[in-house]
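> predicted model follows, preceded by the sequence.
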Amino acid sequence: MSSVVGIIYNATRPGATEAAADCRQFLMAQGCEVIRFNEFSGIQQFPVLTNEDLPSAPPADFYVVFGGDGTILYAARCMVPHQTPLLGVNMGTLGFMSEAGRTDWEEAILAAIRGECRIEERLMLEAHVDRGGEVVGHFTVLNDFVVAKGSFARLIDLTLFVEDYEVTTLAADGLIVGTPTGSTAYSLSAGGPIVAPDVSAILVTPICPHSLSARPLVVSSEHRVTILVRPRHESGIALTADGQLGLPLLSGDRITIAASPYKARFLRRSGHDFYRILRDKLQWGYSAYPTGDVTAHDPGSTP
C-alpha cells in the first residue's frame, strides 16, 4: 500500500519552494500520493484569536516540512487533532527540531516510507483566555505561551497560580509558560532551565522580574497554570502563542494553561540524539578541552 505524504514549506526561506517541488516529484517517483497542504509565510499578525484561525491539515501518513523551527511550530499546530507525524527539513538557521537538511532529505524520506523511523512524541500546551466569564481566546502550542508588556519600557503586574494555589504576584516584563521543547527557545534566553523533551513538565520563567528571588519554576504537566493580569499599565499587554499567534490582553484577564490532549509527533532516524544536538547546535557545555577528555585539569599546571 502506497504512502500518503503531505508537504508544508516556508516560501520565505531561500530554496524551500524549489525543494518542496523536488520533494513532490521524488515522492511521486516512490509511488506516494502527495498532498501539498499549505504554504507558511511567517508570523501571523495580531489579532489572531483562536485555533480556528489556523488551517487543519488533511490526514496523511506523515508530512515533510521544509523551513526552520518556526515552520515546524506552525506545522505541529496544524496537525491537531490528527497528530500526523512530521519530518522536518531544515531550510533555516538553527534547525533544532529538524531531522534532515538540504543534502539528506531524500534519504530521510526513504527511511520514513520504509518504516525505519521511530516516532518521538512531544508535549503540547493549550490555553484559554477568560474575560469576564467569556472565553475570548483558545490556543495550542508546542513551544510556549508568553504574557508580556507592550512597547513601553515599564513593568506589568501578573499573579501566578498553580492549580488553585496563588504562588506570587510579580512585577516583571512578563512570564513564559512553556514545554520542554520550548526550554531551548525564549525561556532559555530568559534564564530558564534546559529540559529534555521526554520529561513531562511545564516551565514557568519570569522575564526580567523586579525581584532577586523570582526564579524559574518547573511543575508537573498534570497541573494547570493560571496567570491573572493585574491593573497597572494594561496598554499593550499581549499573549503570544509560539511567537506566531497573539491576543491583546486586558486587566482582569485570566490565562489558564494546561497540557494538551494532543501530542506533536516527529519521525526520527536511528542516531538522532537530543544531547548531541544540544551540544552541536547550541554549543551547550562547550569546552576548550578535546571531546572525550575526562581528565580533570590540574589547577597548578599550565593550561
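Arrived safely, thanks for sending. Numbers count the residues shown, from 1 in each chain.
> contacts only, for the nearest residue to residue 31 once chain neighbours are set aside.
In this structure, residue 31 finds its nearest non-sequential neighbour in residue 2, 4.7 Å apart by Cβ to Cβ, 6 or more residues apart in numbering. Glycine gets a C-beta too; all of them are placed from N, C-alpha and C. Going by Cβ atoms under 8 Å, 6 or more residues apart in numbering, residue 2 touches 31, 32, 33.
> quick one, phi/psi of the first one?
Which is residue 31. In terms of degrees, to the nearest 10, the main-chain angles of residue 31 are phi 80, psi 20.
> assign the residue nearest to residue 31 to helix, strand or coil.
For residue 2, the secondary-structure state derived from DSSP: H, G, I helix; E, B strand; the rest coil is coil.
> okay, it: pLDDT?
Residue 2 is assigned a predicted lDDT (pLDDT) of 74.
> ok, and what's touching the strand or helix carrying residue 161?
Assigned by DSSP states H and E, residue 161 falls within strand 156-162. Contacts made with strand 156-162 from outside it, assessed by Cβ under 8 Å, 6+ apart, are listed as 147-149, 166-175, 204, 217, 219, 223-234, 237.
> check which element follows that strand along the chain.
Secondary structure here is assigned by DSSP H and E; on that basis, the next helix or strand after strand 156-162 toward the C-terminus is strand 165-172.
> between that next one and strand 156-162, how big is the angle?
Direction vectors for strand 165-172 and strand 156-162, defined by axes from the mean of the first three to the mean of the last three Cα atoms, to 10 degrees, enclose an angle of 160 degrees.
> re earlier: ok, of the contacts of residue 2, which come out buried?
When burial is judged by neighbour count using 16 or more other Cβ atoms under 10 Å, the buried members of these are residue 32.
> and which of the contacts of residue 2 is nearest to residue 14?
Sorting those by how near they are to residue 14, with Cβ to Cβ, puts residue 32 at the top with 25.9 Å.
> so what does the strand or helix carrying residue 107 touch, helix or strand wise?
Under the criterion DSSP H and E, the helix or strand holding residue 107 is helix 105-113. Helices and strands touching helix 105-113, as assessed by 3 or more Cβ pairs under 8 Å, 6 or more residues apart in numbering; DSSP states H and E, comprise helix 16-29, strand 62-67, strand 86-90.
> could you dump the ones you listed into CSV with mean neighbour count, mean pLDDT and distance to residue 181 added?
Output for these, formatted as CSV (neighbours: other Cβ atoms under 10 Å; pLDDT from 0 to 100; distance: least, Cβ to Cβ, whole Å):
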stretch, mean neighbour count, mean pLDDT, distance to residue 181
helix 16-29, 16, 94, 22
strand 62-67, 28, 95, 15
strand 86-90, 26, 97, 12
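> ok, now which ones touch residue 93?
Under the criterion of Cβ under 8 Å, 6+ apart, the neighbours of residue 93 are residue 68.
> same question but for residue 20, I mixed them up
Each residue near residue 20 by Cβ under 8 Å, 6+ apart is listed here: 7, 9, 36, 66.
> can we see that at 7 Å?
Under the criterion of Cβ atoms under 7 Å, 6 or more residues apart in numbering, the neighbours of residue 20 are 7, 9, 66.
> what helix or strand is the residue nearest to the last one when sequence neighbours are not counted located in?
For residue 66, ignoring the flanking residues on the chain, the nearest one in space by Cβ to Cβ, 6+ apart is residue 9 at 4.0 Å. Using DSSP H and E, residue 9 sits within strand 4-10.
> that strand - contacts with which helices or strands?
Here strand 4-10 touches helix 16-29, strand 33-40, strand 62-67, helix 69-78, going by 3 or more Cβ pairs under 7 Å, 6 or more residues apart in numbering; DSSP states H and E.
> domain map for the protein?
Segmentation of the chain into domains, based on automatic domain parsing, reads 4-117+269-282, 124-261.
> where among those is the average confidence lowest?
Within the domains of the chain, confidence is poorest for domain 4-117+269-282, with a mean of 86 (mean pLDDT).
> got the end-to-end distance for that one?
34 Å (Cα to Cα, to the nearest Å).
> can you check stretch 108-117 too?
In terms of Cα to Cα, the two terminal residues of stretch 108-117 are separated by 9 Å.
> roughly how far is it from the heart of the chain?
Between the mean C-alpha point of stretch 108-117 and the mean C-alpha point of its chain there is a distance of 24 Å (Cα atoms, centre = their mean, to the nearest Å).
> grab the nearest non-local neighbour of the spatially most central residue of the chain.
Closest residue to the average C-alpha location of the chain: residue 143 at 2.5 Å, with Cα atoms, centre = their mean. Leaving aside its chain neighbours, residue 143 sits nearest to residue 182 (3.6 Å; criterion: Cβ to Cβ, 6+ apart).
> can you tell me which of the contacts of residue 2 lies nearest to residue 90?
Distance to residue 90, by Cβ to Cβ, is smallest for residue 32 among these, at 21.7 Å.
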